[in-house]
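A.B. asks: Requesting a structural model of the entry that follows:
(one chain, ligands or ions: 3)
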Amino acid sequence: MKVSFKDLGLVNTREMFAKAVKGGYAIPAFNFNNMEQLQAIIQASAETKSPVILQVSKGARNYANQTLLRYMAQGAVEYAKELGWKKPQIVLHLDHGDSYELCKSCVDFGFSSVMIDASSLPYEENVKLTRKVVNYAHKYDVTVEAELGVLAGVEDEVSSEVSHYTKPEEVIDFVKKTKCDSLAISIGTSHGAYKFTPEQCTRDPKTGRLVPPPLAFDVLKAIEKKLPGFPIVLHGSSSVPQEYVDIINANGGKLPDAVGIPEEQLRKAAKSAVCKINIDSDSRLAMTAAVRKHFNEYPAHFDPRQYLKPAREEMKKMYIHKIVNVLGSNGKAR
Ligand code: G3H
Ligand code: 13P
Ligand code: ZN
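C.D. replies: Ligands and ions are numbered 1, 2, ... in the order given. You can find the predicted model right below:
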C-alpha cells in the first residue's frame, strides 16, 4: 500500500530550499540509524526551530528496517509537536539512492525526498536514470536530489581515491534534462572521518594539528553563476571535531590523523547557493566519544541507558552547534 509523506506530517524540500538560498543559510541533513540519534536531532531542531532533513542511507535501511524507520520519522513529527514546535518542518530523505527501484520504493513508502546518486555512471546514463526517478517522484510531489562529480572516498559503495570536481559546463544541461530539484556537487569534501591524507594537509606549528586544503570555492562560484538560485548540496561535510577524536583516542580508541572540513569553510558555503549540508560522521564521533568516556569512567555500568544518555546529550549539543553556529538555520521554521 502506498503512503503519502503528507499524511505523515512531513514536507518536501522545495519551499525549504528556496527560502534557504534566498536567506543565505543551509538546512542540516543529519543521518539517523537509531532512536537516540533521532531523539537528539528532533530535540535540537525543535529547540532551535530549525527545518531539518532526516536522512536514511541504504545501509541504515538494512540496519534498522525500513518500516521501523518510516514510523520513527512519523513519530518524530509528533514528538516535535510535543516538544512545543508548532509547525515542524521535517523532511524524510533517502541518502545515496543507487537505483530506480530503491527510490521508487521510498517514494511509495512515505519519503518526502530522495537522492538518486548516479554520479559514478557516464554522464548520459546519469541523466537518464535521474530523469526516470524525477518522473516518478514528481507525480507524488516528492523532491529529487541528483549528483554530478565524484567525491573522494567511499560513495555509493564505489570507492574513488581522488575526487573529480563537478564540471560547471555540464550543470545547465544536466538540470534542464533531468528536472532535478537540487544538485549535489563535488568541490573537495568527502565522506567519513578521514577526508584528507596527512600529505594533502599542512600542520599547524602551534598545535601540531593537520590543516586541510581549502574547498574549491571557485568551482562553486562558477556553478552558481550558471544556475542562479538553484539549490546546491554538499555531502561529506562533517568537520571531525578534534575534541571528539582526542576523547576517543584517550579512551581506548584509535583514530589517528582523522580530519574534516573546517567549520569556517562550511559557514562560507552555507551563505551561498549551498542549501543542504550533510553531516553523519560528526554524530558518530560524538556518540563514540561519549560512550568510550563513560565506559572508562564507569566500568561497572551495563544498562544501555546509562551510556546512551550521555551519548544522546553529546549529539544534541553537536547538532545545536551546527544549526546555530555553522548553518544558520535556527529560527527559520517557526
Ligand atoms: O554518505 C554516507 C553516509 O554517511 C551514510 O553512511 O552508508 O554507512 O549509512 P552509511
Ligand atoms: P560525512 O561523512 O562528512 O558526515 O558526510 C555525510 C554524508 O554526506 C551523507 O550523505
Ligand atoms: Zn553523502
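A.B. asks: Residue 236 against residue 191, yeah?
C.D. replies: Yes: judged on Cβ atoms under 8 Å, residue 236 makes contact with residue 191 at a distance of 4.6 Å. Backbone N, C-alpha and C define where each C-beta goes, glycine included.
A.B. asks: For these two, work out which one has more neighbours and name it.
C.D. replies: residue 236 (24 against 20; other Cβ atoms under 10 Å).
A.B. asks: Would you mind naming what in the stretch 151-300 of the chain lies close to ligand 1?
C.D. replies: Proximity of the stretch 151-300 of the chain to ligand 1 is confined to 191, 280 under the rule Cβ under 6 Å from any ligand atom.
A.B. asks: What is the burial count for residue 49?
C.D. replies: 19.
A.B. asks: So which residues of the stretch 201-334 of the chain form helices?
C.D. replies: 217-226, 242-250, 263-270, 281-297, 304-321 (DSSP state H, counting those that start in this stretch).
A.B. asks: could I get these as JSON lines with mean pLDDT?
C.D. replies: Below are these laid out as JSON lines (pLDDT from 0 to 100):
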{"stretch": "helix 217-226", "mean pLDDT": "98"}
{"stretch": "helix 242-250", "mean pLDDT": "98"}
{"stretch": "helix 263-270", "mean pLDDT": "98"}
{"stretch": "helix 281-297", "mean pLDDT": "98"}
{"stretch": "helix 304-321", "mean pLDDT": "98"}
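A.B. asks: okay if I get those as a markdown table plus mean neighbour count and distance to ligand 2?
C.D. replies: Shown next, in a markdown table, are the helices of the stretch 201-334 of the chain (neighbours: other Cβ atoms under 10 Å; distance: least, Cβ to the nearest ligand atom, whole Å):
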| stretch | mean neighbour count | distance to ligand 2 |
| --- | --- | --- |
| helix 217-226 | 17 | 16 |
| helix 242-250 | 17 | 12 |
| helix 263-270 | 19 | 10 |
| helix 281-297 | 20 | 4 |
| helix 304-321 | 18 | 11 |
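A.B. asks: Give the buried residues for stretch 60-77.
C.D. replies: For stretch 60-77, burial by neighbour count (16 or more other Cβ atoms under 10 Å) applies to 60-61, 64, 66, 69-70, 72-74, 76-77.
A.B. asks: Filtering those by proximity to ligand 2, which remain?
C.D. replies: Among the buried residues of stretch 60-77, none lies close to ligand 2 by the criterion of Cβ under 6 Å from any ligand atom.
A.B. asks: any idea which strand is longest in the chain?
C.D. replies: strand 90-97 (DSSP state E).
A.B. asks: Tell me the helices and strands packed up against that one.
C.D. replies: Contacts defined by 3 or more Cβ pairs under 8 Å, 6 or more residues apart in numbering; DSSP states H and E place strand 90-97 against strand 27-31, strand 52-57, helix 58-64, helix 66-82, helix 100-108, strand 113-116.
A.B. asks: now these in a markdown table, with mean pLDDT and distance to ligand 1?
C.D. replies: Shown next, in a markdown table, are those (pLDDT from 0 to 100; distance: least, Cβ to the nearest ligand atom, whole Å):
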| stretch | mean pLDDT | distance to ligand 1 |
| --- | --- | --- |
| strand 27-31 | 98 | 5 |
| strand 52-57 | 98 | 3 |
| helix 58-64 | 96 | 3 |
| helix 66-82 | 95 | 12 |
| helix 100-108 | 97 | 13 |
| strand 113-116 | 98 | 10 |
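A.B. asks: Quick check: which of those is nearest to residue 126?
C.D. replies: strand 113-116 (8.7 Å; Cβ to Cβ).
A.B. asks: near ligand 2 at all, the closest one?
C.D. replies: No: Strand 113-116 lies apart from ligand 2 when judged by Cβ under 6 Å from any ligand atom; the minimum separation is 7.9 Å.
A.B. asks: Which residues does that strand contact?
C.D. replies: 12-13, 53, 91-98, 100, 103, 106-107, 129-130, 133-134, 137, 142-147, 184 (Cβ atoms under 8 Å, 6 or more residues apart in numbering).
A.B. asks: from the residues you listed, which are also near ligand 2?
C.D. replies: Within the contacts of strand 113-116, those near ligand 2 by Cβ under 6 Å from any ligand atom are 95-96.
A.B. asks: List only those of the contacts of strand 113-116 flagged as buried.
C.D. replies: Counted by 16+ other Cβ under 10 Å, the contacts of strand 113-116 give 12-13, 53, 91-98, 100, 103, 106-107, 129-130, 133-134, 137, 142-147, 184 as buried.
A.B. asks: So what sits opposite residue 97 in the bridge?
C.D. replies: Taking DSSP bridges as the rule, residue 97 bridges to residue 116.
A.B. asks: I'd like the distance between it and residue 178.
C.D. replies: 14 Å (Cβ to Cβ, to the nearest Å).
A.B. asks: next one: residue 283
C.D. replies: If you go by Cβ to Cβ, the gap between residue 283 and residue 178 works out to 30 Å.
A.B. asks: swap in residue 30?
C.D. replies: Distance check for residue 30 against residue 178: by Cβ to Cβ, it reads 26 Å.
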